[in-house]
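Colleague: only geometry, no sequence info:
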C-alpha cells in the first residue's frame, strides 16, 4: 500500500556520546567560516547547508550487506540542531509510502510543525530510507511515464521491468551484476539507519514513523532497542501477520462512513454505506461519463466505473473531503444527477496519478514486492504466480469485499494495495530477510512506545494498531483519535486543526516518555466531526431550508436560498484544498476566486451555481487559524431579481455549532441557523 508496508543478526556496537565539535555560529544553517565553505561536523560526518534550511549529509553503506564485494550507496539525511544550542536529545523522523523522502519540502515543513516547541531543545534528523530522496532514489522511467489504472497485466509488466532494471544497475567489484531488486527492503534500511546513528554519534533517540515509516520503525525498534529513548508509531499496521488481502480496509469503511454520518447533524441516515452499495450496483451496469470541473478549475471529461468507486473509497482513508461528499454524491447519482459524483471523482485523483516528482515509485515496489505478503509466491515464476493468484481469488468468499466483487476490489490502484503489481517482479536471489525476526514482545519494557491511530483511517485501521501494540509488549500504549483519518500527528495543511490532538499527544509524550501510562488522552474524543453534506440539491425547491430563528419573517423559499448561499461558501472552502490554482468553476456554473493571505483566505463569487435555477454572488473570508468564516452573499434566481441578501458566520473548527444567517428578503427579516457546511 501507499503507506503500509534476514538479515543475519549482527552484534550491536556500544553507542558512545560524542560531543559536537562546532561553534555556535555553525549551528545556524547557511553560516560560513571566513574564507571557506560552511560546514558542520556531527559525530564523524561533515554536513553542508541544505537548500533552504538545515544541514545535509550522507553516509556510504553496502548495497549488498551479504557480500564483501558489494558496491556502496549513499544514504542521506537533513539535520536540524536544537535551536537553543543545548540539545536534550535527537528526534528521528521517517516518512511513509514507501517511497516518500523524509527530507522533501512538504514533509520537512510538516515534521517541524509537528515538533513545534520541541525544536528549541531537541535536534531533528530527517532520514531518507535507501531508495528515496537523498538516499540513492530509485527512478524507473517506465513507472513514471505509465498512464491509466495502476493495476492489471500491463501495469504489472511495467513494475517487473523496474525490478529488472534494478538488477542491471550496479556491479560487484569483480564486474558481475548485483541482483538488487530484493536489496531495498526494510531490514536493510534499518541497518542503514543504525550505521548513520553510529556515525552521527547519537545516544538514545526518539524515533517517529508515520504510515510505512511506522512499519519501518517497528523493524528498527525490534532490532536496535538500545538505540531508542522512545518510539511513536503513527498510523501503523502489522509487520507480523499482515493480511495480504487487506480486508480490514473495506470492513472498516462500512462502519467509518456510517460513523461520520451519525456525527454530522446534516447527514440523513440514508447516506451511509448502504448508498455506496446502490451506487456500485448502478455503475456495474452503467458507468457515469460527463464533463466536470477538474482540479485545475477547468472542465475535464470524467468517467466513473466501479473501479473508480473502489479507488474513491480507499482514498477516503486520508481524505476527509470524501467522507464529507461521497454519501450525498452517491445519492444524487442513484437519483439521476451525476454532476456531484463526476466532480468528486475528478477531485479524488488515484494515488498513481497524483504522486509528487520526489516520490520513488521504484522504491515502493522494491519494498512491496520484497517485504509485503503477496497472494502468490514470489519464489515462483510469473506464470505460476498468475495461477496462484487466480486460484486465491476463486477461493475467496464472494461477499468479503461487499458491495464490491473480489476482482473489482483487487483492481484498486496498486499504490494503495499492490495486489497484482508484483506478478512480474524478479524472484529474490538473496537469503530471506524479513523485517522482523523477533517474536512478541518485540520491544523491551524499558522503551516506551506510543501508537496513534485515527478512527476513520481505512489504510491502516485502528484494529491493526491494537494488534501491533499487543505484539510490542507492556511498554506500548494505543490511542485512537476520533474523527481523524490517516496519520494523526503531522499537520494536514488542507484541513487545519484536524491533527491538533495527535500533535499535542506526541509533544507531551516526547517531553516525558516514562509518563506514558499517565498521558492525558482526553483530546482524542473531542475532534470536531467532519460536516457531512446532507444532499446535492438539483433545484432550489430541493434544498433543505435553513432553520428559522426568533425574529425570522422569511418564506420557505428564502430559507432554502440561505442554505444554497452558505453551501456555496462551504463548497469553495473544501474545493480550495484541492484545486491547483486560485480560480474554480462552481458545481453548476459560475466562477469563484480566492486570495490567500496569512492567515485569511478571501473568496469572491460570481454567479456560482449550487443548484440549476439560482446563483450566488458575493464575498467570504476564512481564517485558517481560528476557523472563523464570514460571508456577504446575494442569492438570485437564474435571470431574475435577488431572492435574498444574506450575512452568514460559522467556524470550521467548531462544526457542532451551527452557522448563523441573517439578512433581508424583499423587506422581510431573515434570521436562521443551519448545520456547518
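Modeller: Structure received. Every value quoted in this text rests on a predicted model; they were computed, and no experiment measured them. Residues are numbered from 1 along each chain as shown.

Colleague: okay, now the domains of this protein?
Modeller: The chain breaks down into these structural domains: 24-140+179-243+434-524, 253-349, 540-674 (assignment by automatic domain parsing).

Colleague: got the end-to-end distance for the last one?
Modeller: Looking back up the chat, that one is domain 540-674. 16 Å (Cα to Cα, to the nearest Å).

Colleague: what residues are up against residue 58?
Modeller: With contact taken as Cβ atoms under 8 Å, 6 or more residues apart in numbering, residue 58 is in contact with 74, 75, 76, 77, 134, 135. For the C-beta atoms, the positions are set from N, CA and C on the backbone; glycine is no exception.

Colleague: go again with 10 Å.
Modeller: For residue 58, the contacting residues are 45, 47, 73-77, 128, 134-136, 196, 199, taking Cβ atoms under 10 Å, 6 or more residues apart in numbering as the criterion.

Colleague: got it, and residue 255?
Modeller: Taking Cβ under 10 Å, 6+ apart as the contact definition, residue 255 lies against 272, 273, 455, 456, 461.

Colleague: just the strands in the stretch 151-300 of the chain please.
Modeller: Using DSSP state E, counting those that start in this stretch, the strands found in the stretch 151-300 of the chain span residues 205-210, 228-234, 288-293, 299-304.

Colleague: now the longest one against strand 205-210, angle please.
Modeller: In terms of direction (axes from the mean of the first three to the mean of the last three Cα atoms, to 10 degrees), strand 228-234 departs from strand 205-210 by 10 degrees.

Colleague: and strand 228-234, how far out from the chain's middle?
Modeller: Distance of strand 228-234 from the chain centroid (Cα atoms, centre = their mean, to the nearest Å) equals 20 Å.

Colleague: excluding its backbone neighbours, what's nearest the residue nearest the centre of the chain?
Modeller: The structure's the chain has its C-alpha centroid closest to residue 318; by Cα atoms, centre = their mean the separation is 4.7 Å. Residue nearest to residue 318 in three dimensions, not counting chain neighbours: residue 486, with 3.8 Å by Cβ to Cβ, 6 or more residues apart in numbering.

Colleague: before we move on, what about residue 516?
Modeller: Leaving aside its chain neighbours, residue 516 sits nearest to residue 448 (4.5 Å; criterion: Cβ to Cβ, 6+ apart).

Colleague: for the one you found, grab phi and psi.
Modeller: Dihedral angles of residue 448 (phi, psi; degrees, to the nearest 10) stand at phi -70, psi 140.

Colleague: and the gap between residue 520 and residue 502?
Modeller: Distance, residue 520 to residue 502, by Cβ to Cβ, to the nearest Å: 14 Å.

Colleague: which of these two has more neighbours?
Modeller: For the pair residue 520 and residue 502, the greater number of neighbours falls to residue 502 (28 against 10), based on other Cβ atoms under 10 Å.

Colleague: pretty sure the more buried one contacts residue 482?
Modeller: No. Using Cβ atoms under 10 Å, residue 502 is not in contact with residue 482, being 11.3 Å away.

Colleague: and for the two, which residues touch both?
Modeller: Overlap of the contact sets of residue 502 and residue 482 (by Cβ under 10 Å, 6+ apart) consists of 454, 523, 524, 527.

Colleague: CSV for those, including distance to residue 256?
Modeller: Supplementary listing: those in CSV, determined by distance: Cβ to Cβ, whole Å:
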residue, distance to residue 256
454, 10
523, 20
524, 16
527, 14
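
Colleague: since that was my last question, I'll sign off now.
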